[in-house]
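>>> Okay, here's the prediction I keep looking at, along with the sequence it came from:
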Amino acid sequence: MNKYVTFVSDEIFLEEVKKVVDAYATDEDLSKHPWEVLSNSRETIDQFKTLFDIYSNRFSLSDWINFEIPRQHDKTASNRVGDFHQNLLGRVDGWVNLGRGDPSGMDLKKEDNTIWIELKNKYNTMNSSSLRDTRFKCEELAEKYPNAKIYWAYIVSQNYESFDKTWVYRDNKENVVHEVNDNIRNIAGKDVYTLVTGDETAFEQLFDALPKAINDIKKNKHILTPKDQIVFEKYKQLIFKD
């Protein structure tokens, strides 16, 4: 019986979670001397932003280290969270992670080519030009595979909504500018995980499993205080509202 989720093995799940965890600052990173960080940063630190941070927040240099080091790691961590969903779903039985640079331009597909997915982490990560290009890719695939479902998908939707609907593509003036095709679809939130795994509980399983997996990887026992647990439970209810 699996410890974390039912749709991939524990070994696979921990492997994918660890890729994200490794992007975060370590205790060793946070223990660096301020001069070491200022003089040998992976990035050239904005000296003026540093002054604003220190004096506006009344930071000591040690305080600043605890602020700046996580900030430097945050972009990498955010990118890996986006990759995490693609990598994890691509390891579900019957699915293929197409990686980067696949001729289709898509991220995931079912092995029998009946479902294709362009997957983003968040609903607002594409500008109008990128969205138009995605639409063209979907239309090309729909023409090549007329019986397939082609999805533009994202994990974090506005107001945490979940849906699976026909993608009606509109311009900035809300005019429908491409032919409506029921096989070209927009899907979000828990419905993405349901589509790939066939399990309506998969998304919530993931949410519940991550704290356990992260603690196991970090070999710690971090738990929220009872007060914080109440707040986070309300947050979970917001995310998984019907």
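Received, thanks.
>>> drop to CA atoms for contacts and neighbour counts, all remaining ones
Fine.
>>> For stretch 202-216, list every residue counted as buried.
Within stretch 202-216, the residues scored as buried using 16 or more other CA atoms under 10 Å are A202, F203, L206, L210, K212, A213, I214.
>>> can you check stretch 37-46 too?
The neighbour-count check on stretch 37-46 (16+ other CA under 10 Å) flags V37, L38 as buried.
>>> repeat for stretch 135-148
Of all the residues in stretch 135-148, those buried under the rule 16+ other CA under 10 Å are R135, K137, C138, E139, L141, A142, Y145, A148.
>>> Tell me how far that stretch lies from the chain's centre.
Chain-centre distance of stretch 135-148: 25 Å, with CA atoms, centre = their mean, to the nearest Å.
>>> domain assignment for the protein?
Following automatic domain parsing, the chain resolves into domains at 10-88+201-239, 90-197.
>>> thinking again about what came up before, closest one of the buried residues of stretch 202-216 to A77?
I214 (13.7 Å; CA to CA).
>>> what sits against I69?
Shown in contact with I69 (CA atoms under 8 Å, 6 or more residues apart in numbering): A25, D29, L30.
>>> Let's see that with 10 Å instead.
Residues in contact with I69 (CA atoms under 10 Å, 6 or more residues apart in numbering) are Y24, A25, T26, D29, L30, S31, K32, V37, S41.
>>> Dump the residues you listed to JSON lines, plus secondary structure.
Listed next are the contacts of I69 as JSON lines, based on DSSP: H, G, I helix; E, B strand; the rest coil:
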{"residue": "Y24", "secondary structure": "coil"}
{"residue": "A25", "secondary structure": "coil"}
{"residue": "T26", "secondary structure": "coil"}
{"residue": "D29", "secondary structure": "helix"}
{"residue": "L30", "secondary structure": "helix"}
{"residue": "S31", "secondary structure": "coil"}
{"residue": "K32", "secondary structure": "coil"}
{"residue": "V37", "secondary structure": "helix"}
{"residue": "S41", "secondary structure": "coil"}
